[in-house]
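Colleague: Please find the sequence and the predicted model below.
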Amino acid sequence: MYDVLKIREDFPILQREIYGRPLVYLDNAATTQKPLCVLDAMREEYLNVNANVHRGVHYLSQQATDLHEAARETVRAFINAKKTEEIVFTRGTTEAINLVASTFCESQMQEGDEVLVTDMEHHSNIVPWQLQAEKRGIVVKHASIDDEGYLDISNLKSQISDRTKLLSIAHVSNVLGTINPVKQLVKMAHERGIPVLVDGAQSTPHMKVDVQDLDCDFFAFSGHKMYGPTGIGVLYGKEEWLEKLPPYQGGGEMIDKVSWEKTTFERLPFKFEAGTPDYVATHGLATAIKYLNRVGLDSVEAYEKELTRYCMEQMESIADIRIFGPRLSSLGSEFSVHKDAVVSFLVGDIHHLDMGTLLDRLGIAVRTGHHCAHPLMDRLGVTGTVRASFALYNTKEEVDTLVEGIHRVSKMF
């Protein structure tokens, strides 16, 4: 286990005061804070290595290209992809899923074919498929969850038909913290010849991911949720699938030869990277990955699971609280298998916005609302929740402050 107080020194923003109180930042599922090493690496590149990547013969361009492609190798190793050709840089998880939705539906699906998602998906894994349904007449089906927030696997199996062409599923729910059994689901889908896309936005910051072990066909994640810059993300795709899919956007970088008669496209992964990439952000992402590796993802996972369990235990002292997702009483020794670093809750009839606003006045930053998961809110029968989400720099003392804050707000009502 690492020294969390030492870790916090890498994040100067955590020393801020909000309304005269120490900042307690518990909105990490939305975005994490950035360590100094990431900010320093990006500043250094802008100051000393700034030049457009690829095809430049001058020194700065070649140096920037080296950093950019080294970042691709860092990402490849981080998720254990076979080849760097399977690593496509995007603006984030949302663009990565849109890329697959657009190109997969265009080349692999016909009217009436089906994509299967779940009731716990983020909007970024729902709306792209709905847009394709409107354009191409595909069908979007959704598997249900049970009352405790687990995926109903038997229901998912029953939804699969001969027209099912893709399963697209969150690794971890951004609301419930439920960890889905992705490896099991991939195996089940592959037995039916169905490829699988995994939304890894909420898993990569908290646990080791091995895409070869999962055997998923596509995997998407974002830099800003794992201590890296905003506006950068990754789509992993098995080489055989990326070869089958057409380009997502056209322009510079993704072409081999352009003529009025015919345009041919670059090899992987550049076929999917039209235009100038955010080469400084890719370097920042690689620096964030190296930071996580230095801390040790096994240690991060163990620490955050302990913190999440502690939070759920302390919240049991709050009258009329409802915690959404897997319950502490049923998790038992399986806590680390099924629950990630998110606790979503409501207290009595206090509106989530009121709770979040008043906690903010106490210096506590939480997220309120539907968390880009309207269908899940409908399934839970609420308009929104309050969400506390943890990172490697949070402490038990901050959890105590949160719980004390909830008690204080509850008394006001």
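Modeller: Perfect, thanks for sending it. Residues are numbered from 1 along each chain as shown.

Colleague: buried residues in the host helix or strand of Glu304?
Modeller: Assessed by DSSP states H and E, Glu304 sits inside helix 297-315. Residues of helix 297-315 classed as buried by neighbour count (16 or more other Cβ atoms under 10 Å): 297, 300-301, 303-305, 307-309, 311-312, 314-315. Bear in mind the C-beta positions are built from the backbone N, C-alpha and C, glycine included.

Colleague: Same question for stretch 372-386.
Modeller: 372-373, 375-377, 379-380, 384-386.

Colleague: And stretch 211-219, by the same measure?
Modeller: Neighbour-count burial for stretch 211-219 [16+ other Cβ under 10 Å]: 211, 214, 216-219.

Colleague: go on, stretch 230-239?
Modeller: 230, 232-238.

Colleague: Listing request: residues of this protein with sub-threshold pLDDT.
Modeller: Nowhere does the chain drop to pLDDT under 70.

Colleague: Closest to the centroid, which residue in it?
Modeller: Residue closest to the average C-alpha location in the chain (Cα atoms, centre = their mean): Ala201, at 0.8 Å.

Colleague: And that residue, its phi and psi?
Modeller: Backbone torsions for Ala201, taken as degrees, to the nearest 10, come to phi -60, psi -40.

Colleague: Hmm, it is touching Asn174, no?
Modeller: Yes. Taking contacts as Cβ atoms under 8 Å, Ala201 lies within contact range of Asn174: 7.2 Å.

Colleague: which neighbours do those two share?
Modeller: Overlap of the contact sets of Ala201 and Asn174 (by Cβ atoms under 8 Å, 6 or more residues apart in numbering) consists of His122.

Colleague: can you give me the helices for the stretch 301-413 of the chain?
Modeller: 328-331, 335-338, 352-361, 374-380, 396-412 (DSSP state H, counting those that start in this stretch).

Colleague: between those, which gets nearest to Pro12?
Modeller: Proximity to Pro12 (Cβ to Cβ) singles out helix 396-412 among the helices of the stretch 301-413 of the chain, at 16.6 Å.

Colleague: where does that closest one sit relative to the chain's centre, distance-wise?
Modeller: With Cα atoms, centre = their mean, to the nearest Å as the basis, helix 396-412 stands 28 Å off its chain's centre.

Colleague: Show the subsequent helix or strand relative to the lengthiest helix in the chain.
Modeller: For the chain, the longest helix by residue count, based on DSSP state H, is helix 59-79. Along the chain past helix 59-79, the next helix or strand (assigned with DSSP H and E) turns out to be strand 87-90.

Colleague: what's next to the following helix or strand past that next one, contact-wise?
Modeller: For strand 87-90, the following helix or strand on the C-terminal side (DSSP H and E) is helix 93-108. Residues from elsewhere that reach helix 93-108 (Cβ under 8 Å, 6+ apart): 88, 90, 115, 124-125, 128-129, 131-132, 135-136, 138, 165-166, 168, 197, 199-201, 218, 220-222, 233-235, 237, 244-248, 272.

Colleague: Which of those fall in strands?
Modeller: When DSSP state E is applied, the contacts of helix 93-108 are split such that 88, 90, 115, 165-166, 168, 197, 199, 218, 220-222, 233-235, 237 fall in strands.
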